[in-house]
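> Return atomic coordinates for the entry below.
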Amino acid sequence: MSRRGSVELQKLHTKQVEIARLFQEHKKVVIRCGRRFGKTALLERCAAKLAFTGKRVGWLGPKYKLNAPTYGNLIHTLKPIIQSKSKIDQLIQLTTGGLIEFWTLEDENAGRSRKYHTVIVDEASLKSKGLKEIIDQSIRPTLLDYNGNIIMAGTPKGIDQDNYFYEACTNPAEGWHEVHAPTSANPHLDPEVVEKLKDEYPPLVYQQEYLAEFVDWKGSAFFSEDSLLQDGHPVPYPERCDQVFAIIDTALKDGIEHDGTAVIYYARNKFHGTPLVILDWEILQIEGSLLMNWLPSVNMRLEELAVLTKARQGNMGAWIEDKASGIVLLQQARRAGMNASPIPEAMTAAGKEGRCLSVSGYVFQGLVKASDYAWNKVINYKGQTRNHMTSQVCGFRMGQKDGPRDLLDCFTYGCAIALGDHKGY
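Got it, this is the predicted structure:
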């Protein structure tokens with residue numbers, strides 16, 4: 001750490017220092033970087049240093065919740081010289097005259113009526129549409145008073161002409177100075193661990209998330225059928241397992257065009273055999289008022305599966321998305337004495353594609369398999385007779401704008417909860 005007065009600023013690694021120098025040389029810098037490179041840490045230090053020297057900084061993130069950790073980090077760093085702060089408005093004013101003001105990219109008028117020396121846009125690739133309009137119409141006018149600069153950073157999210165982060169990185173006519181920083185550019189990471197990443201993730205995921213390359217996802221199945229099979233075949237029910245559990249994804253609407261209510265049942269083994277086996281699944285369209293009558297059948301099926309798999313810890317209950325009809329289901333389950341937990345907010349907030357990316361490594365490494373029963377199960381749903389679980393999971397494509405997702409959501413939630421760390425990933 002380096003000290004300036006009573007404020008300690010985080011020490012930057014070599015590549016971060018190289019990029020930081022560019023902020024003074026160019027008015028528009030876009031950073032295309034891999035996961036864990038340290039882009040947000042670099043941007044936070046930049047914002048803190050500017051505000052420490054009396055500058056006004058505007059910070060934009062995709063959502064309020066994604067801004068919150070940075071707001072907290074800057075409060076901690078700048079605490080000795082904070083004059084006032086507002087967690088609700090996400091505003092920090094310093095005794096030096098400096099200021100850091102947070103906005104979300106959900107607000108198309110972000111920054112209007114303000115003036116800044118520097119504007120920082122973090123996780124810019126997550127704003128799929130409308131970012132260019134926000135920057136041109138709302139943000140750039142805020143830089144006129146001080147002839148300020150703008151910094152944008154993110155990890156690629158496919159090849160998408162509507163995504164302005166992609167345009168800024170690839171189209172010289174937009175006038176951005178692009179910097180490329182793969183995960184390996186962070187010298188604080190173990191080189192051997194970083195090198196192994198390519199063996200732990202599907203090739204396109206590795207290219208995008210760690211090499212920070214723009215990849216074309218069109219036509220590519222994200223989860224292959226082979227990844228859920230063992231030597232080309234589904235696996236039998238485990239003779240023994242640690243526990244069984246279920247993931248429930250609910251929907252309130254029951255028209256044919258809407259999602260249904262889905263459940264996937266799993267067996268978890270931490271030390272022996274396949275870590276996660278899909279035992280069974282179900283999907284149906286059911287009115288919200290009837291979900292309470294359906295829920296006990298989930299618990300009964302879990303009890304049956306616990307016996308069949310000799311689950312040492314037994315039936316661990318269900319995880320349910322804590323919104324819409326899921327809130328009522330959680331309450332009903334607790335009243336009935338059924339073990340039920342809300343799916344962690346971090347997972348639900350990640351979005352469908354974010355969840356798929358996060359669990360892709362587990363699936364690619366063969367940690368998740370489909371049982372004979374689940375793989376060969378066929379039912380009629382919305383007039384179509386098929387295995388809807390494999391259809392949704394193995395039929396998913398990145399950038400897919402529509403199509404059923406209920407069982408896909410159950411699949412990604414189940415992988416994250418069973419195989420992820422304490423944060424779920």
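
> Met316 falls within a helix, correct?
No. Secondary structure of Met316 (DSSP: H, G, I helix; E, B strand; the rest coil): strand, not part of a helix.

> Count the residues that sit near it.
Around Met316 there are 20 other residues, counting by other C-beta atoms under 10 Å. Placement of C-beta: from N, CA and C, glycine included.

> what's the answer for Glu195, then?
Neighbours of Glu195 under the rule other C-beta under 10 Å: 10.

> Same check on the one 4 residues further on?
Neighbours of Asp199 under the rule other C-beta under 10 Å: 10.

> how close does it get to Pro404?
Separation of Asp199 from Pro404 (C-beta to C-beta, to the nearest Å): 32 Å.

> Likewise for Trp59?
Distance from Trp59 to Pro404, counting by C-beta to C-beta: 37 Å.

> okay, the two: which has more neighbours?
Remark: of Trp59 and Pro404, Trp59 carries more neighbours, 25 against 20, as counted by other C-beta under 10 Å.

> Would you mind listing the residues in contact with Ser227?
Residues in contact with Ser227 (C-beta atoms under 8 Å, 6 or more residues apart in numbering) are Val363, Phe364, Gly366, Val368.

> What is the most widely separated pair among the residues you listed?
The span of those, defined through C-beta to C-beta, is set by Phe364 and Val368 at 9.5 Å.

> out of those two, which sits in the busier spot?
Shown here are Phe364 and Val368; by other C-beta under 10 Å, Val368 has more neighbours (24 against 19).

> could I get the contacts of Ser227 as CSV with pLDDT and distance to Pro203?
Below are these laid out as CSV (pLDDT from 0 to 100; distance: C-beta to C-beta, whole Å):
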residue, pLDDT, distance to Pro203
Val363, 94, 14
Phe364, 92, 9
Gly366, 93, 16
Val368, 97, 18
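
> Cross those against strands and list the overlap.
Among the contacts of Ser227, the ones falling in strands (DSSP state E) are Val368.

> How are the strands of the stretch 1-150 of the chain distributed by residue range?
Remark: strands assigned in the stretch 1-150 of the chain by DSSP state E, counting those that start in this stretch are 2-4, 7-9, 28-33, 56-61, 82-86, 91-94, 99-104, 118-121, 149-154.

> Format those strands as CSV; extra columns: distance to Ile135 and mean pLDDT.
Below are the strands of the stretch 1-150 of the chain laid out as CSV (distance: least, C-beta to C-beta, whole Å; pLDDT from 0 to 100):
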stretch, distance to Ile135, mean pLDDT
strand 2-4, 31, 45
strand 7-9, 27, 86
strand 28-33, 9, 97
strand 56-61, 9, 95
strand 82-86, 25, 93
strand 91-94, 21, 95
strand 99-104, 12, 95
strand 118-121, 8, 97
strand 149-154, 7, 96
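
> Using CSV, lay out those strands together with distance to Pro203.
Listed next are the strands of the stretch 1-150 of the chain as CSV, based on distance: least, C-beta to C-beta, whole Å:
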stretch, distance to Pro203
strand 2-4, 40
strand 7-9, 38
strand 28-33, 19
strand 56-61, 30
strand 82-86, 45
strand 91-94, 42
strand 99-104, 33
strand 118-121, 29
strand 149-154, 21
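
> Give me the pLDDT value at the nearest residue to Phe222 once chain neighbours are set aside.
Closest residue in space to Phe222, ignoring its immediate chain neighbours: Phe396 at 5.0 Å, by C-beta to C-beta, 6 or more residues apart in numbering. Looking at Phe396, its pLDDT stands at 86.

> Check whether Phe396 really touches Arg355, as I assumed.
No. Between Phe396 and Arg355 there is no contact, the gap being 10.7 Å when judged by C-beta atoms under 8 Å.
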